[in-house]
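Colleague: Here's my sequence, what's the structure:
(chains A and B)
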Amino acid sequence: MLHASNTHEPSHPVRIPAHLLRPRAGAGFKPEHLSSILNEEPSAAFFEVHAENYMGKGGAPHAQLTRLRQDYPLSVHGVGMSIGAPGALDTTHLNRLKAVVDRWQPALVSEHLAWSTHEETYLNDLLPVPYTNEVLARVCNHIDETQSALARPILLENPSTYVQFDQCEMSESDFIREIARRTGCGLLLDVNNVFVSATNHGYSPVDYLDSFPLEKVREIHLAGHATEEDSFGNPLLIDAHDRPVADEVWELYRHVIALSGPLPTLIEWDNDIPDWSVLVAEMVAANAVLDDVATAPLLGRRHG
Amino acid sequence: MVETARRWAYDAPVFAGGLLNADAATPSFLTSKSGANDPRRYAVYRNNVMVSLIRAMEANFPAIARLVGEEFFSALAQVFISANPPRTRLLFEYGAEFPIFLESFEPVRPYPYLADVARVEQMWREAFHETDAPVMAAVDFTDIPPLQLPALKLSAHPATRILNSSFAAGSIFTANRSDDPGGNIDPTKGEWVLVTRPHMDCEVRILGTASGTFINALLASETLEAAAVSAMSTGEPFDLATNISGLLASGAFTSIEGVE
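Modeller: Purely as a prediction, here's the structure:
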């Protein structure tokens, strides 16, 4: 068979150990940015990658991530586990996720409170779940199974949603709090998702955050959204990841950080990907909020 | 209560079932802040699924997208996606059935070469993500005693792919994956297309009948002698030494079988 040694892999070990991330801004890694990232002064505290993009057998994606991992800590963000699906987890996919985690030793591993599969079909979108006791038990089983396979806790991300379910038995924040309590998972708070869902469903994002278990949050996501209208002329925000973070979301982020203290904060930009400098500008803005809060650390800080 | 306790297993398929079917009704169990089931809200998911999969198809088949134009490709991809939704969660694997779809899709019947161009794109993408492996060096060959040469077999590199096309699929692929569209291509001029990935970059080579037949036979684990005989029986001129140095340069093989 083939030689296991790979001439394109660096022979020296990664410099960055798998410790917790610094509470500074990072960015989603896009291969087109690699040379800018390596040739410029470091501006990201960490990079996040979609796990599925590194589930191939080899080639350039693996070589690029290995190079990036030499200089930066990593967060692995899964988009395909379909944790909210009613059926059993796909153990093949779980094993692939484990292989990615084992190989690149990320500081954080996260997945979504969502589902994306139907029988054999992969729908490639993060679909919503009803907040019922039945689904709560299902999601908790799936997270237990994932955490056992990975032998580490994961972070679960709050969704952006466009519809609600008639059989809803609890609020989203209560649902997520209960998942974290039962499974011991951490949370990834996507502040843009909070704003999108709150606007779409007519509740206050601040009220949502007041009841959200911020003490379990280990990472923040920030992204841009698009604005459309529903059939009744109400604003319908779409989690588009294709533009800068909105002013209202920056304000909400400041509110979160004032309560939680500084947290690793990811700038997500997945569509219409701009030059690296545009992501750097978004990270500078996030770091400014983190610095600002750090200079007044006890102001409104939540303990617990 | 038993019914409501197990509702998700019934409702999720209903929610999913309408996403790839624009004629399906909005699931009745959905609500909105206006207290009504709003089809525009459910349509956001339908749109997300379709647009993201069209984007994935564009990423996987950029030469086809360029050949038929963005608007037509989008319509074409929609028909393909509805009939062949992804069976994989790894979107870089998506679209293996696209060449066969193109062969039977009536609106592209005037462009029969598209299917083979899509095959080359599929081969290229498979090669891009394949297992890393070292390539055979020239010295591996020169070390072999001449008497053993005819019986040699070569081990294919995992990324190597080959296509015998009745069209100029490789030339059309190359012209539409670069900024230099090149000169006039006669699409009906058949060619062999060899895709290799000796290191991180994929390489596409266009071969004549004899060379294509030779490498194809070696990839099928035939001996060097049998491969050369096949190549010569094509009736095209065939020079063994030139072809051996060509296959070494291509990185199509990792080693000589049985030789470490």
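
Colleague: Which secondary structure element is home to residue B:132?
Modeller: Under the criterion DSSP states H and E, no helix or strand holds residue B:132.

Colleague: try residue B:71
Modeller: In the assignment (DSSP H and E), residue B:71 maps to helix B:70-83.

Colleague: counting contacts, what elements does that helix pack onto?
Modeller: Helices and strands touching helix B:70-83, by 3 or more Cβ pairs under 8 Å, 6 or more residues apart in numbering or on different chains; DSSP states H and E, are helix B:39-60, helix B:62-68, helix B:98-104. Using the backbone N, CA and C atoms, a C-beta is placed for each residue, glycine as well.

Colleague: So what's the residue count around the residue lying closest to residue B:211 once chain neighbours are set aside?
Modeller: Closest residue to residue B:211 apart from its sequence neighbours, by Cβ to Cβ, 6 or more residues apart in numbering or on different chains: residue B:243 at 5.6 Å. Here the count is done by other Cβ atoms under 10 Å in any protein chain shown, and residue B:243 has 19 residues near it.

Colleague: could you check the angle helix B:39-60 makes with the helix holding residue B:71?
Modeller: Angle, helix B:70-83 to helix B:39-60, by axes from the mean of the first three to the mean of the last three Cα atoms, to 10 degrees: 110 degrees.

Colleague: still on that earlier bit, for chain A, which of the helices and strands packed on helix B:70-83 is the nearest?
Modeller: Among the helices and strands packed on helix B:70-83, the nearest to chain A by Cβ to the nearest Cβ is helix B:39-60 (4.4 Å).

Colleague: secondary structure class for residue A:92?
Modeller: helix (DSSP: H, G, I helix; E, B strand; the rest coil).

Colleague: Would you mind measuring from residue A:153 to residue A:267?
Modeller: Per Cβ to Cβ, to the nearest Å, residue A:153 is found 24 Å from residue A:267.

Colleague: So for the two, which sits in the more crowded spot?
Modeller: A direct count of neighbours by other Cβ under 10 Å for residue A:153 and residue A:267 places residue A:267 higher, at 27 against 17.

Colleague: beta partners for the more buried one?
Modeller: Beta bridges link residue A:267 to residue A:27, residue A:222 when assigned by DSSP bridges.

Colleague: With residue B:194 instead?
Modeller: Beta bridges link residue B:194 to residue B:162, residue B:205, judged by DSSP bridges.

Colleague: so it makes contact with residue B:162?
Modeller: Yes. Using Cβ atoms under 8 Å, residue B:194 is in contact with residue B:162, at 5.2 Å.

Colleague: Those two - which one has more neighbours?
Modeller: The neighbour comparison of residue B:194 against residue B:162 (other Cβ under 10 Å) goes to residue B:194, with 25 against 20.

Colleague: which residues are contacting stretch A:164-175?
Modeller: Here stretch A:164-175 makes contact (Cβ atoms under 8 Å, 6 or more residues apart in numbering or on different chains) with A:113, A:128-133, A:136, A:158-159, A:178, A:197, A:201, A:208, A:211-213, B:4, B:7, B:11, B:29-33.

Colleague: which parts of that stretch are buried?
Modeller: The neighbour-count criterion (16 or more other Cβ atoms under 10 Å in any protein chain shown) identifies A:164-165, A:167, A:172-173, A:175 as the buried residues of stretch A:164-175.

Colleague: so can I have JSON lines of those showing secondary structure?
Modeller: Below are those laid out as JSON lines (three-state DSSP):
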{"residue": "A:164", "secondary structure": "strand"}
{"residue": "A:165", "secondary structure": "strand"}
{"residue": "A:167", "secondary structure": "coil"}
{"residue": "A:172", "secondary structure": "helix"}
{"residue": "A:173", "secondary structure": "helix"}
{"residue": "A:175", "secondary structure": "helix"}
